[in-house]
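**Student:** Turn this into a model:
(2 chains)
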Amino acid sequence: MQKTYYDPADLKKFGKISDWNQELGDKFFDYYSRVFEEGTLSAREKSLIALAVAHTEQCPYCIDAYTQDGLQRGITKEEMMEALHVGAAIKGGATLVHGVQMMNKVNKLEM
Amino acid sequence: MTTKSLHKRESDLANSNKQLKILSNGIFQNGDLPTFKEKISKSGQFPLKAKKLEILQINVGYMCNQVCEHCHVDAGPDRKEIMTKETMLQCLEVIKSTGAHTLDLTGGAPEMNPNFRWFVDEASKVGIKDFIVRSNLTIIRANKKYHDLPEFFKKHNVHVVSSMPHWTRGKTDKQRGNGVFDASIKALQDLNNTGYGMPNSSLRLDLVYNPSGAFLPGNQVDMEKDFKKALKEDFSIQFHNLFTITNLPIARFLDYLIASENYEDYMHALVEAYNPLAVSNVMCTNTLSVSWDGYLYDCDFNQMLGLPVNSKSKHISDYNENLLEGRNIEISQHCYGCTAGAGSSCQGVVA
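**Tutor:** Next comes the predicted model:
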């Protein structure tokens, strides 16, 4: 039994989730591949969004996959890091904006 | 950044047999790798057979002014192997007699062969449809005596194919050495000023992209769009086509893969991306590669691995089209590089 929760080799087995529910698995992967097709946004822009979200979701599989994808597309490390900061800013902002709720609650409860 | 060839460093990998041993036996921790022979046998494509010769690729020497990290030729300023005029004369005889429509001169930096201009003069008289010179660009700016190369190429209507790893300085210099990006940009501008690469110009200028690391190239069409946009916006540079090429796990790229502990993952990535459709169009089926000393190989990579053609006709001096056509092509594990994804050849994707 492995002693870590994440195994890089598991990324290659992602498609196997369909084995136990073919219909929903297929629907997911159809949707997934459609999302990443060239659209109003370029596939390159989508790759950078995916990389940023991979970090905010803290998914190591997704980080590996979209770092590799970015390199294959010729995306530079500076572009990758900039995308990451967008994710970090939203994540930080999302934490801080809840501070308004805290402030509202404090203001309501305090004399 | 490496500053010397594997030969100069007296690395084990300077020996092609050592490279083949690593490729064949692997250094795998994570399961076995199927052999390329097994893989193409499953789709009924073994043995891989040579078709009619269309492209004659001549390597006029391993000497180069650059020492790129990924170089499969292990070329560099310290490599002295240079094709003699005598071998060039033998090549010219074959060029005249063969029905090949493309002549492809490569190196090292082919322009550094002292007989390069004479050879181009002579070969251009033969009436080959597509006469390619693979220029690393920086040679045009390396020394005053090369500054007129764009005019020389134009005079002979040579098709210039040049390596360009990226449209940014950082990625380019990392793979090819400090200063390569700026020199390449200046050389591309020189070529543009001579008429090369302009939208309606018959003076063909194509760029070659191969990844600056242990990953496969992206989609050729998308990469070409990105290259064209960036080079035009940033430097007013234009070119015709971009060819994406997969790095094959030999010579300095193999050395890099092993040293960076990427070898196993890279080989698995190549095998996972194996595309049987690419097999029928790999370049070795319609190309013959001639080494600096006149020996014949199925491709430039087999040349570097010391795998000569499987034919009685083994040298340009005893070239025999009848003996070479239909020969069985020599294969090894490196062939996964040309059959991954959309495939890879000196002319870019094949599937």
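
**Student:** doesn't B:Leu92 make contact with B:Glu122?
**Tutor:** Yes. Between B:Glu122 and B:Leu92 there is a contact at 5.6 Å, judged by C-beta atoms under 8 Å. No exception for glycine: its C-beta is placed from N, CA and C like everyone else's.

**Student:** secondary structure element for the spatially closest residue to B:Ser16 that is not a sequence neighbour?
**Tutor:** Computed as C-beta to C-beta, 6 or more residues apart in numbering or on different chains, the closest residue to B:Ser16 that is not its neighbour in sequence is B:Gly306, at 3.9 Å. Assigned by DSSP states H and E, B:Gly306 belongs to no helix or strand.

**Student:** buried ones in stretch B:152-159?
**Tutor:** B:Phe152, B:Phe153, B:Lys154, B:Val158, B:His159 (16 or more other C-beta atoms under 10 Å in any protein chain shown).

**Student:** host element of the third one?
**Tutor:** Secondary structure here is read from DSSP H and E; on that basis B:Lys154 sits in helix B:149-155.

**Student:** and that helix, what other elements does it pack with?
**Tutor:** Applying 3 or more C-beta pairs under 8 Å, 6 or more residues apart in numbering or on different chains; DSSP states H and E, we find helix B:149-155 packed against strand B:130-135, helix B:138-142, helix B:180-193.

**Student:** re earlier: do you know the pLDDT at the residue nearest to B:Ser16?
**Tutor:** At B:Gly306, the pLDDT value in this model is 97.

**Student:** Show me the helices in the chain, by range?
**Tutor:** Because you didn't say which chain, this covers chain A. A:22-35, A:43-56, A:60-72, A:77-97, A:99-109 (DSSP state H).

**Student:** not what I meant, chain B
**Tutor:** B:16-25, B:36-42, B:85-97, B:116-123, B:138-142, B:149-155, B:169-176, B:180-193, B:220-235, B:251-259, B:263-272, B:276-279, B:300-304, B:321-324.

**Student:** Show me the shaky parts of chain B.
**Tutor:** Along chain B, segments meeting pLDDT under 70 span B:1-2, B:29-31.

**Student:** Near chain A, which residues of it? Just list them.
**Tutor:** B:30, B:166-168, B:170-171, B:209, B:211, B:213, B:215-219, B:222-223, B:226-227, B:272 (C-beta under 8 Å from any C-beta of the partner chain).

**Student:** Residues touching the helix holding B:Lys154, excluding its own?
**Tutor:** B:111, B:117, B:120, B:133, B:135, B:139-140, B:158, B:160, B:190-191, B:193-196, B:203 (C-beta atoms under 8 Å, 6 or more residues apart in numbering or on different chains).

**Student:** For residue 99, grab the count of nearby residues.
**Tutor:** Picked chain A for this. For A:Gly99, the tally of surrounding residues (other C-beta atoms under 10 Å in any protein chain shown) stands at 9.

**Student:** was after chain B, sorry
**Tutor:** 8.

**Student:** same question, A:Gly25
**Tutor:** Neighbour count for A:Gly25, taken as other C-beta under 10 Å: 15.

**Student:** And for B:Tyr62?
**Tutor:** 25.

**Student:** now B:Arg327
**Tutor:** That count, for B:Arg327 with other C-beta under 10 Å as the rule, works out to 19.

**Student:** tell me the contacts of B:Ala278?
**Tutor:** So B:Ala278 contacts B:Cys338, B:Thr339, B:Ala340, B:Gly341, B:Ala342, B:Gly343, B:Ser344, B:Val350, B:Ala351 (C-beta under 8 Å, 6+ apart).

**Student:** Mind doing that once more with 7 Å?
**Tutor:** Residues in contact with B:Ala278 (C-beta atoms under 7 Å, 6 or more residues apart in numbering or on different chains) are B:Cys338, B:Thr339, B:Ala342, B:Gly343, B:Val350, B:Ala351.

**Student:** any idea how far A:Val35 is from B:Lys96?
**Tutor:** A:Val35 is 56 Å from B:Lys96, where distance means C-beta to C-beta, to the nearest Å.

**Student:** residues contacting the residue in the stretch 51-200 of chain B that chain A sits nearest to?
**Tutor:** Using C-beta to the nearest C-beta, B:Thr168 is the residue of the stretch 51-200 of chain B that sits closest to chain A, at 5.6 Å. Listed by C-beta under 7 Å, 6+ apart, the contact partners of B:Thr168 are A:Thr76.

**Student:** and it, backbone torsions?
**Tutor:** phi -110, psi 150 (degrees, to the nearest 10).

**Student:** got the residues of chain A near chain B?
**Tutor:** A:Ala43, A:Gln68, A:Leu71, A:Gln72, A:Arg73, A:Gly74, A:Thr76 (C-beta under 7 Å from any C-beta of the partner chain).

**Student:** If we use 10 Å, what do you get?
**Tutor:** Within chain A, the residues that sit near chain B (C-beta under 10 Å from any C-beta of the partner chain) are A:8-9, A:12, A:38, A:42-44, A:47, A:67-79.

**Student:** Surely B:Lys129 and B:Ala100 touch.
**Tutor:** Yes. B:Lys129 is within contact range of B:Ala100, at 9.0 Å (criterion: C-beta atoms under 10 Å).

**Student:** Which residues are in contact with each of those two?
**Tutor:** Applying C-beta atoms under 10 Å, 6 or more residues apart in numbering or on different chains, one finds that B:Lys129 and B:Ala100 are jointly contacted by B:Glu54.

**Student:** who's more crowded, the two?
**Tutor:** B:Ala100 (22 against 10).

**Student:** Let me know whether that one touches B:Cys91 as I believe.
**Tutor:** No. Here B:Ala100 does not reach B:Cys91: they are 11.3 Å apart, not a contact under C-beta under 10 Å.

**Student:** Mind listing the shared neighbours of these two?
**Tutor:** Common neighbours of B:Ala100 and B:Cys91 (C-beta under 10 Å, 6+ apart) are B:Leu56.

**Student:** who touches B:Gly107 in this structure?
**Tutor:** Applying C-beta under 10 Å, 6+ apart, the residues near B:Gly107 are B:58-64, B:73, B:75, B:79, B:81-83, B:113, B:116, B:133-136, B:139, B:292.
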